[in-house]
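Asks: The sequence and its predicted three-dimensional model are supplied below.
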There are 2 protein chains.
Amino acid sequence: MKKLRLALAQINPVVGDLDGNARKIIAFIKKARGIKADLIAFPELSVTGYPPEDLLLKPHFIEDNIKTLNRVRAASKGITTIVGFVDSDKSALFNAAAIISNGRLIDVYHKKHLPNYGVFDEYRYFRPGKRYPVYELRGINIGVNICEDIWHEKGPAGVQAHAGAELIININASPYHMGKASFREQLVTTRASKNNVTIAYVNMVGGQDELIFDGGSFVLDSEGSPIIKGKQFKEEMVTVDLVIRVKRQKGRGVQKKGAEKIKLPAASVRGQKPAIRIKRSSVMSAPEEVYSALLLGTKDYARKNGFNGVVIGLSGGVDSALVAAIAVDALGKKNVHGLFMPSPYTSNESFEDVHKLAKNLGIKVTEVPISNIFKTYLKDLKKHFRKTRAGITEENLQARIRGNILMAFSNKFGWLVLTTGNKSEMSVGYATLYGDMAGGFAVIKDVPKTLVYDLCGWRNAKQAGEVIPDRVLWKEPTAELKPDQLDVDTLPPYQELDPILKAYIEEDKSFDQIMKLGCDVQCAQNVIRMIDLSEYKRRQAPPGIKITSRAFGKDRRFPITNRYKSF
Amino acid sequence: MKKLRLALAQINPVVGDLDGNARKIIAFIKKARGIKADLIAFPELSVTGYPPEDLLLKPHFIEDNIKTLNRVRAASKGITTIVGFVDSDKSALFNAAAIISNGRLIDVYHKKHLPNYGVFDEYRYFRPGKRYPVYELRGINIGVNICEDIWHEKGPAGVQAHAGAELIININASPYHMGKASFREQLVTTRASKNNVTIAYVNMVGGQDELIFDGGSFVLDSEGSPIIKGKQFKEEMVTVDLVIRVKRQKGRGVQKKGAEKIKLPAASVRGQKPAIRIKRSSVMSAPEEVYSALLLGTKDYARKNGFNGVVIGLSGGVDSALVAAIAVDALGKKNVHGLFMPSPYTSNESFEDVHKLAKNLGIKVTEVPISNIFKTYLKDLKKHFRKTRAGITEENLQARIRGNILMAFSNKFGWLVLTTGNKSEMSVGYATLYGDMAGGFAVIKDVPKTLVYDLCGWRNAKQAGEVIPDRVLWKEPTAELKPDQLDVDTLPPYQELDPILKAYIEEDKSFDQIMKLGCDVQCAQNVIRMIDLSEYKRRQAPPGIKITSRAFGKDRRFPITNRYKSF
């Protein structure tokens, strides 16, 4: 029996904050040394944050990242540290893991499988690695690889296991979407049991623009059974005493191409190790998981960009209610400012619901009616718009006045404007550019309307007493930009709309396949047309949090100029 | 002596317009057959337009593209056609060239070198090819390859030449930036002379969102000397009678890995060939080239997206004057609508200059003063902004009122709003989000302010009589958002600013390198800080035309959340 005390540091770095990230990494190393861990592993690109995007094209950024790694190396006395950084050999960059033992850089592993789909652009920056070393620490053979590497059946893990690895440490910056955590665990379970190898999976935590890294690090034994599991969405150090039984299959030790063995000097850990608690964090329900992602994303966007307060236009509708609840949970009620901007089309119900919501959340609402401003616009535009009928122009104008007022409060008080549009609206363009789309961060941009209701329901059930007023959840959605307006005047009911959107946007289904969902032909054609025609709006939308398998933004790169017709 | 009549069709397809592109391709095939050409070559991905981006992820789009290729194949009777399309082998997609002879698909070449830098994302979609065939037509050995393939010294052209190719046909969708045309020719010259092979380079024409394809197809002989050259920025068919002297070097015919030879059935062209004119289009001056790119980009964005008219906010400044001139040249004066939106801070000079410009261009200007609306906002916000000083909030508000008015005209009359911000402003964030940044297309977004003046000078010199009023070119730039405001109150003079911007944004220079330009420390630090902090604005900016080696948009992918400090 061979033993190893392992610490997985699922940290929340900030992209570009080399100094801050180094301090965080070093603090966790100290913590690991405090419990006499033999090895601590950090996520992919912990030094730079992930994804650093085109910062990687700046040679001085790469140099500064190497200097930062050196600080980490020097601080890794008495322990083995595995940490993600950017390596460079002058002709190319590599997404790399430093293997540091007792203050010495022993080796560097280069990521082999570079994702270049979805939100990923790794071929833009990196060249794939070619070596799959196995390290020996306290008699245990360890293979290190990075994120996507573990997704490939014939990837480095197999080679390393074949070369004798008993433990694979896979370091990640794996972005969240709904259900990905369990998908990941399933996949790694297969990889562990097929290769008869223990796998430690350490994932980053935190929000970075559109992306959420959800943590949830875990260790599986060589049969694929879970040993420990870290929390989702929380920075923490997950620790475990690994026990590797000395029982190797035949064929082990035969080295494949690219494999080699490197011995790590075991740091001299004296005395008995203190007891550690084995954590097995519980699995979240679907709405709790999404809500937590939105909360972390909002908190980190505000915090990492230096905002103390946010301002939200509250309409009395369900979307702004959910965004306000998330903002209060993320930033505290004193940092959330509501604006209610009624027009003559605003109902009394909306007035009541806004104030009830604000009372429930404990936030202040400022009321700024838009009627005078709207009338002045109409008056000054009247002679230019003679002989035209009131319509979309006048509706958009109201939304844009509200956008201007929100931005005025943002400019005046330094608050971040959170927009409140959901994915269903963003998909079909049922939103006003520079109006309700005006703001710095779009919290629920990737949340379909039907899921908005589920999240509200979950949030309301979480605590005694009403949070989002009941009426908000059952009244008919309306933009209130003209008399008696309802969303269903323009769009199909959301229960019908959302499956079409998912099929077309997230699953690339053809029109014929979408018709098999049981849609009305006319309805499906209208929806697809609206999606295609709204690309120009989405291009100017603020970033928002990815929670589905395909979000708008860098996850879906569509031409604006596009004449392709699916039907 | 072996002879071949070659036609290079530098066409302007529309992304996704499979039917329209097929009709265009077939029309050019007919034209080529009309002059009894033996072979006609079309640009890269002519069938789908370039870049189709995530349309490529839709399986039915790929199928429709194959069906479209089949229409082209059937129409290619009596001629050999080389045309770019998307090939698919079920597990992967390929950026491909179809080699069609006399109505039969003889072979398909797969692009080997997939660009995945700058504006390119080809690894997102395609897998690299592995075959480098050589085709024989009328006794001439021909290698076909695609765009980036020719940039690599050890790429397919070398292999094909080594295997006996006497003519390389390289099909392109190569995006324009300043000076790229001459860079391309130099590079291909080297490739031709080093490999002792004639090279025909055919490039796409047209605007596609941010990109301009500039045409300028050419043929170089095996010594690298130019034989013909097509126009830049114009759709046309360039034709030449190639004469290949039967004189092969030693070592030719030895096949490298991936090389093979395929015989093309020569179509039976009877009778004498009609005379053709050999074109050698002249080289444009630098400002003419950029102006032409902006003109084509504006024209194609409007046309391909179905806009008949555009509306431009005219301030009396040089930026909006240039955009108006480009718009008139691109779309005709009757389709260009000027809006003049004075405030109390608007000078009499601005009033005069706007009207003089409009008169010179022959466009109508509508005047919509913003003072009443501005006062109403201030009145209704007064109690909320008590004890605060007027500042950026009030300045932005004026810009946003103008943005709203422009959008109201856009909504009412269906006109595309052209924004007028230049690259210098976009770089440092000297622009108001939802204000002067509001619009569908940002014509001079990638044009530094100093180049704006050059372009105006060139346009004025082009014809007798004033176009852009003289005073616009020499008066001090001002935003006129408060009394006596000048750009230099906030920014360094543009002659100092622009070199810093180029160094930092386009060349990834470090702070130390930028200091070597002779900048003031404080000034350079302020500029870099402003660039970094404005990323959130740029993310919500409309697309604009790339004319430099690195434009904002998909050419420069920067995190908003970013704490990296260069100094």
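Replies: That came in fine, so what should we check first?

Asks: Which secondary structure element of chain A has the lowest mean pLDDT?
Replies: strand A:259-263 (a mean of 82; mean pLDDT, DSSP states H and E).

Asks: Kindly state the distance between the middle of it and the middle of its chain.
Replies: Relative to the chain's own centre, strand A:259-263 is displaced by 35 Å; criterion: Cα atoms, centre = their mean, to the nearest Å.

Asks: CA atoms only for that strand, dumped as CSV, please.
Replies: The C-alpha coordinates for strand A:259-263 follow below in CSV (Å, rounded to 0.1, in the frame of the first residue of the first chain):
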residue,chain,number,x,y,z
ALA,A,259,5.9,8.3,-22.5
GLU,A,260,8.8,8.6,-20.1
LYS,A,261,9.3,8.3,-16.3
ILE,A,262,10.6,11.1,-14.1
LYS,A,263,11.2,10.8,-10.4
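
Asks: Just give the strands next to that strand in its sheet, each with its orientation.
Replies: If you go by DSSP bridges, strand A:259-263 pairs up with strand A:132-137 (parallel).

Asks: buried residues in stretch A:471-483?
Replies: By neighbour count with 16 or more other Cβ atoms under 10 Å in any protein chain shown, stretch A:471-483 contains the buried residues A:472, A:475, A:477-482. Any C-beta I mention is one placed from the backbone N, CA and C, and that applies to glycine too.

Asks: whoops, I mixed them up, stretch A:280-299
Replies: Buried-residue list, stretch A:280-299, by 16+ other Cβ under 10 Å: A:281, A:284, A:287-299.

Asks: gap between that stretch and the chain center?
Replies: Distance, stretch centre to chain centre, for stretch A:280-299: 11 Å (Cα atoms, centre = their mean).

Asks: So which bits of the lengthiest helix in chain A are buried?
Replies: Looking across chain A with DSSP state H, the single longest helix is helix A:392-413. By neighbour count with 16+ other Cβ under 10 Å, helix A:392-413 contains the buried residues A:393-412.

Asks: what subset of these is also close to chain B?
Replies: By Cβ under 8 Å from any Cβ of the partner chain, the members of the buried residues of helix A:392-413 lying near chain B are A:393, A:396-397, A:400-401, A:403-405, A:407-409, A:411-412.

Asks: Serialize these to CSV and add fields for distance to residue B:57 and pLDDT.
Replies: Shown next, in CSV, are those (distance: Cβ to Cβ, whole Å; pLDDT from 0 to 100):
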residue, distance to residue B:57, pLDDT
A:393, 36, 97
A:396, 32, 97
A:397, 37, 97
A:400, 34, 98
A:401, 39, 98
A:403, 33, 98
A:404, 38, 98
A:405, 40, 98
A:407, 35, 98
A:408, 41, 98
A:409, 40, 98
A:411, 40, 97
A:412, 44, 97
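
Asks: picking up where we left off before, could you single out the nearest of the buried residues of stretch A:280-299 to residue B:487?
Replies: Nearest to residue B:487, judged by Cβ to Cβ, of the buried residues of stretch A:280-299 is residue A:298 at 35.9 Å.

Asks: dump the residue contacts of the closest one.
Replies: The neighbours of residue A:298, taking Cβ atoms under 8 Å, 6 or more residues apart in numbering or on different chains as the test, are A:207, A:310, A:326-327, A:330-331, A:418, A:441, A:443, A:545.

Asks: how distant is the helix or strand harbouring it from the center of its chain?
Replies: Per DSSP states H and E: residue A:298 is located in helix A:286-304. Relative to its chain's centre, helix A:286-304 lies at 8 Å (Cα atoms, centre = their mean).

Asks: Need the CA coordinates for that helix. CSV is fine.
Replies: Extracted in CSV, the C-alpha atoms of helix A:286-304 (Å, rounded to 0.1, in the frame of the first residue of the first chain):
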residue,chain,number,x,y,z
ALA,A,286,-31.2,21.6,-11.7
PRO,A,287,-32.7,25.1,-10.7
GLU,A,288,-30.3,25.4,-7.7
GLU,A,289,-27.3,24.7,-10.0
VAL,A,290,-28.4,27.3,-12.6
TYR,A,291,-29.3,29.9,-9.9
SER,A,292,-25.9,29.4,-8.3
ALA,A,293,-24.2,29.8,-11.6
LEU,A,294,-26.0,33.1,-12.3
LEU,A,295,-25.3,34.3,-8.8
LEU,A,296,-21.5,33.6,-9.1
GLY,A,297,-21.4,35.1,-12.6
THR,A,298,-23.0,38.3,-11.4
LYS,A,299,-21.0,38.5,-8.3
ASP,A,300,-17.7,38.0,-10.1
TYR,A,301,-18.4,40.3,-13.0
ALA,A,302,-19.2,43.1,-10.6
ARG,A,303,-16.4,42.3,-8.2
LYS,A,304,-13.7,41.6,-10.8
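
Asks: mean confidence score for the helix or strand just after that helix?
Replies: Per DSSP H and E, the first helix or strand lying C-terminal to helix A:286-304 is strand A:310-313. Summarised as a single mean, pLDDT over strand A:310-313 is 98.

Asks: what about the most centrally placed residue in chain A, which SS state?
Replies: Centre of chain A computed as the mean C-alpha position; nearest residue by Cα atoms, centre = their mean is residue A:212, 1.6 Å away. Following DSSP: H, G, I helix; E, B strand; the rest coil, the label given to residue A:212 is strand.

Asks: contacting residues for it?
Replies: Residue A:212 sits next to A:175-176, A:206, A:233, A:293, A:296-297, A:545-547 when contact means Cβ under 8 Å, 6+ apart.

Asks: same deal with residue A:229?
Replies: Taking Cβ under 8 Å, 6+ apart as the test, what residue A:229 contacts is A:216-218, A:238, A:279-281.

Asks: Rebuild those residues as JSON lines, extending it with pLDDT, secondary structure and distance to residue A:567.
Replies: Formatted as JSON lines, these follow (pLDDT from 0 to 100; DSSP: H, G, I helix; E, B strand; the rest coil; distance: Cβ to Cβ, whole Å):
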{"residue": "A:216", "pLDDT": "96", "secondary structure": "coil", "distance to residue A:567": "41"}
{"residue": "A:217", "pLDDT": "97", "secondary structure": "coil", "distance to residue A:567": "46"}
{"residue": "A:218", "pLDDT": "97", "secondary structure": "strand", "distance to residue A:567": "45"}
{"residue": "A:238", "pLDDT": "96", "secondary structure": "strand", "distance to residue A:567": "50"}
{"residue": "A:279", "pLDDT": "78", "secondary structure": "coil", "distance to residue A:567": "52"}
{"residue": "A:280", "pLDDT": "81", "secondary structure": "strand", "distance to residue A:567": "50"}
{"residue": "A:281", "pLDDT": "82", "secondary structure": "coil", "distance to residue A:567": "46"}
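
Asks: Can you report how many residues neighbour residue A:137?
Replies: Residue A:137 has 22 neighbours, counted by other Cβ atoms under 10 Å in any protein chain shown.

Asks: in terms of contact, does it touch residue A:3 like I think?
Replies: No: using Cβ atoms under 8 Å, residue A:137 is not in contact with residue A:3; the gap is 11.0 Å.

Asks: State the pair within the buried residues of stretch A:280-299 that is farthest apart.
Replies: Spanning the widest gap among the buried residues of stretch A:280-299 are A:281 and A:298, at 21.9 Å by Cβ to Cβ.

Asks: possible to save the ones next to chain B among the buried residues of helix A:392-413 as TSV with distance to residue B:157?
Replies: Shown next, in TSV, are those (distance: Cβ to Cβ, whole Å):
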residue	distance to residue B:157
A:393	56
A:396	53
A:397	58
A:400	54
A:401	60
A:403	54
A:404	57
A:405	60
A:407	54
A:408	59
A:409	60
A:411	56
A:412	61
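
Asks: quick check, nearest of the residues you listed to residue B:370?
Replies: Of these, the one sitting nearest to residue B:370 (Cβ to Cβ) turns out to be residue A:404, at 11.9 Å.

Asks: Give me every residue in the stretch 301-450 of chain A lying close to chain B.
Replies: Listed as neighbours of chain B in the stretch 301-450 of chain A under the rule Cβ under 8 Å from any Cβ: A:301, A:304-305, A:366, A:368-369, A:372-373, A:376-377, A:379-381, A:384-385, A:388, A:392-393, A:396-397, A:400-401, A:403-405, A:407-409, A:411-412, A:433-434, A:438, A:440.
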